[in-house]
Structure formats: C-alpha cells, structure tokens
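Undergrad: Can you look at this prediction? I've put the sequence above it.
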Amino acid sequence: MDRGRSLILSSLLMAGAAHGGGIGAFTQASDVGAVNRPVEARFESLPGAYVIGAGGENVWGARDAFGFLWKTAKGDLTLAARVELPAGGAQEHRKAGVMFRQSLAPDSAYVDVVVHGNGLTSLQYRVVAGGETREIQCALQAPAAVRLEKRGEYVQVGLQNAVGAYEPSGCAIRVALKGTFYAGLVVCAHDANAFETATFKHVGLGKPAERPELPTYAIEVAAPDSPSRRVLYHWNSKLESPSFTASGDAICFRSDGRLQRLQIGRDEPVDIDAGSAASCAIAPGAMPAEVRLDGFLRNGPAWLPRISPDRVHVASVYFKGRGRDGRPEAGDYLLRIAPLAGGAPVELARFYGEGGVLGAQPWSPDGRQVVFVSREPE
C-alpha cells in the first residue's frame, strides 16, 4: 500500500472511531460538553494501546468539557490504565485518566482519577448533577498507572508503584452512581482552544478484588476556601488524633498507640519518644471557657468541636449515629466549619471515618487548613 492510501485509510479509521463503532474494549468515543474540535480515538492492537486526542476547557466546576472513550456498565467495577501524557504541553493542568460517570451530560455526577500535565494525580468527583466538583489530591504524583475501584457507592483510587504493583492511595469518596453508568478513558486539554493527545496502555476492566483485611487510613488536609483536599500520608494500620504542631510545619498523630510526627513535604513519619516529645508541641487549641457553642451546635449533632486559632470559627464532624463511649463509630462523616457566633456552616470534606478523626488542634496555626483522618470504607 502506498503512503498516500495509507494516510487516507488512517484518517478514515480515526474519523470512524471518533463518531461510533467499537474501539477496543469500549463502545464509542464522544465529546462531553462544548469543545472546538471533536474527539479522536483509536485502538492500536499490536501494542494494545488506546490513543485519544481531545479538546475541552476543563473537568471542573458545575459543567465539564472533554473527550471520553466509554462503555456502559453496572454494579461493582475496576478500571485501570497506564496514562501517558506527552511532555512539554502548554497547560500544566491538561489531564488524562479513567472515569465513572452517570451520564454524558456536562453537569453529570461522576468520579475519576486523572494525571495532570504537571504530575498532580487526583480523585475528582461531583456527587450530584449540577453540583460542585471537588478533589482529593493523592500523595503520590505521576504514578506508573491509575485504577478506580467501585464497590457499592464507594469509589477508591489505587496507584501503581515503581515495581508494578497497585497500592491504596488513601483517596476515596462516596458517589451514588445509579443503575447503568459510563466507564472509560478521559482526556481534557484544559484550554478551550487547545487539543491534547494521551496514550493509555495496559487498560483493564473487571470486578474488584476482595477488600484487604487491613483497611487503609489516610491523613488529609482541607482548606476552608478550597474545593480541594490533599492526602499527606496513608498506611494500613490505624491512624488517629492528628494535630498541627505549634510551628505549623508538621503533623503529630497516633498510629497503633505510638506517637508519630510527619514533617509536611516528607513521605514517612518518625516515631516520637519521651526524649523528643518537645518536637510534637501542639498548637494551642483549647476551647476558651468564655466561648459558648450554642449557636454552632444548633446546626446539628456536632462531634469533636475544635476552635480556630483566631477564635472565630469552629470545626467539627457530623455523624449519623449515637456513637459509643462518647466517640462516633465507623461510618460516613461530614467535616464542617462554622462561625462561633452562629451562621451557615461550610463543608470541608465528606469521608468514611471512625473515632479519632480530629486531634486536639486540627487547625494550622494560620487557620488556613484543617487536618483529619479518613479510612477505607467497610
């Protein structure tokens, strides 16, 4: 076949893949939301790779615009892929990854794990149609591969390490995808006038494995003025009572009864013994006697109220249940802050947790972050 005929055939195959017909393990490629250039997708059988080019302004806020290669699915599902974004793109937040989505409407409920051009890897989600997109930033950046696992209404992220094994990331959220939903590969240029191409290898669809015997716990931080939160550290044993140090550059917490200190920006914590306990000095956070919580507690059954350094706001968790021994049990939690004087609370995070989610002082000294512990759902 001459080069001209080869190029024509390649163009026809690409056009057909963009508008219908099976593409590898998927049904169709289509655009979600308004884009300037239609999505292009193909499956290269010899290397077993999907190549997807797409535009789109963003997957964020209340409406999305991106390219999607999908199939319909029901029930529990795992979708994994090695994601390769070419280096040197103009937009550091161009992104590619795997997604579960209730519909192809631009404001649909969804959950995904995407790798950004700058290496940031995050679980993004919209709980209800038309709602706000929120994000859990994973501690590991630019992993070898990503995986979404849906069990019931909970979705978790697994990330592949350097030796090719998937590990829990601590990133998890409850998103109720009802009945039939869409599962597939996503590319977004993060620029309405741009077009980005990503390659997906080792794509796998299947049923999730059994949950591990030991759940993964995660230390996370959330900011009152941001829809994003971030995993600082995760481990497969109990983590509890996280507090900021007085200097604000570290988190102290307990792990299976041991006091540990995690320097922010480091990967691993260190044990704290009696001789070095001073390095775990906790930022002041006792509730002043003159402060009344009447206005705050009218907002609902708040647990573990913790006052901000400026004594203006209080953070607490909401848990549906009676708890045990004065502490909430394992289940769905809502972390909020509200003015001490009364007023509408602000949501910081929804997560699965148990007793010990907040320490003596979860506020950073500057009042800009709150640290808490989440855990893998049961």
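TA: Right, received. Where do you want to start? Numbering: from 1, shown residues only.

Undergrad: where exactly do the strands run in the stretch 51-200 of the chain?
TA: Using DSSP state E, counting those that start in this stretch, the strands of the stretch 51-200 of the chain run over 58-60, 63-73, 77-84, 95-101, 110-116, 121-126, 134-137, 146-151, 154-160, 166-174, 181-188, 196-206.

Undergrad: Export these as TSV, with columns for distance to residue 251 and mean neighbour count.
TA: All C-beta spots, glycine's among them, are computed from the backbone N, C-alpha and C. Shown next, in TSV, are these (distance: least, CB to CB, whole Å; neighbours: other CB atoms under 10 Å):
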stretch	distance to residue 251	mean neighbour count
strand 58-60	28	22
strand 63-73	34	23
strand 77-84	30	21
strand 95-101	28	26
strand 110-116	24	27
strand 121-126	20	25
strand 134-137	16	21
strand 146-151	26	22
strand 154-160	21	23
strand 166-174	14	22
strand 181-188	33	28
strand 196-206	35	18
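
Undergrad: Can you check which of those gets nearest to residue 214?
TA: For the strands of the stretch 51-200 of the chain, the distance to residue 214 is smallest for strand 166-174, at 9.9 Å, taking CB to CB.

Undergrad: That closest one pairs with which strands?
TA: strand 154-160 (antiparallel) (DSSP bridges).

Undergrad: what's in contact with the strand it pairs with?
TA: For strand 154-160, contacts defined as CB atoms under 8 Å, 6 or more residues apart in numbering pick out 80, 82, 100, 111, 113, 121, 123, 125, 136, 138, 140, 143-149, 166-169, 171-175, 352, 376-377.

Undergrad: switch the cut-off to 6 Å
TA: Under the contact criterion CB atoms under 6 Å, 6 or more residues apart in numbering, strand 154-160 has outside partners 111, 113, 123, 140, 143-145, 147-149, 166, 169, 171-175, 377.

Undergrad: can you check stretch 131-147 too?
TA: Stretch 131-147 is contacted by residues 60-61, 80, 82, 97, 113, 119, 121-126, 158-160, 166, 169, 171, 227-231 when judged by CB under 6 Å, 6+ apart.

Undergrad: average pLDDT across it?
TA: Averaged across stretch 131-147, pLDDT comes to 95.

Undergrad: for it, the distance to its chain's centre please.
TA: Centroid separation for stretch 131-147 versus its chain: 5 Å, with CA atoms, centre = their mean, to the nearest Å.

Undergrad: Now do it: distance from first to last residue.
TA: Distance between the boundary residues of stretch 131-147 (CA to CA, to the nearest Å) amounts to 24 Å.

Undergrad: show me where the stretch 151-300 of the chain has helices.
TA: Applying DSSP state H, counting those that start in this stretch to the stretch 151-300 of the chain gives helices spanning 294-297.

Undergrad: Low-confidence bits of it, can you list those?
TA: The stretch 151-300 of the chain contains residues with pLDDT under 70 at 275, 283-300.

Undergrad: Can you pull the domain assignment for the protein?
TA: By the record's domain assignment, the chain is partitioned as 3-206, 217-375 (automatic domain parsing).

Undergrad: among these, which is the most enclosed?
TA: Mean neighbour count, computed with mean count of other CB atoms under 10 Å, is highest for domain 3-206 among the domains of the chain, reaching a mean of 19.

Undergrad: what's the spacing between stretch 39-50 and its chain's center?
TA: Centre-to-centre, stretch 39-50 and its host chain are 27 Å apart (CA atoms, centre = their mean).

Undergrad: so where do the strands sit in the stretch 251-378 of the chain?
TA: With DSSP E, counting those that start in this stretch as the criterion, the stretch 251-378 of the chain has strands spanning 258-263, 270-271, 302-307, 313-319, 331-339, 346-353, 370-375.

Undergrad: Contact partners for residue 228?
TA: By CB under 6 Å, 6+ apart, the contact list for residue 228 reads residue 135.

Undergrad: cutoff 10 Å now
TA: 120, 122, 124, 133, 134, 135, 136, 137, 221, 222 (CB atoms under 10 Å, 6 or more residues apart in numbering).

Undergrad: is it possible to export the residues you listed to a markdown table including distance to residue 31?
TA: Below are the contacts of residue 228 laid out as a markdown table (distance: CB to CB, whole Å):
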| residue | distance to residue 31 |
| --- | --- |
| 120 | 24 |
| 122 | 22 |
| 124 | 18 |
| 133 | 18 |
| 134 | 23 |
| 135 | 22 |
| 136 | 26 |
| 137 | 27 |
| 221 | 35 |
| 222 | 32 |
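
Undergrad: nearest to residue 271, of those?
TA: Closest to residue 271, out of all of the contacts of residue 228 and judged by CB to CB, is residue 221, at 21.7 Å.

Undergrad: Would you mind measuring from the closest one to residue 242?
TA: For residue 221, the distance to residue 242 equals 9 Å [CB to CB, to the nearest Å].

Undergrad: what's the answer for residue 191, then?
TA: 38 Å.

Undergrad: ditto for residue 146
TA: Distance check for residue 146 against residue 242: by CB to CB, it reads 26 Å.
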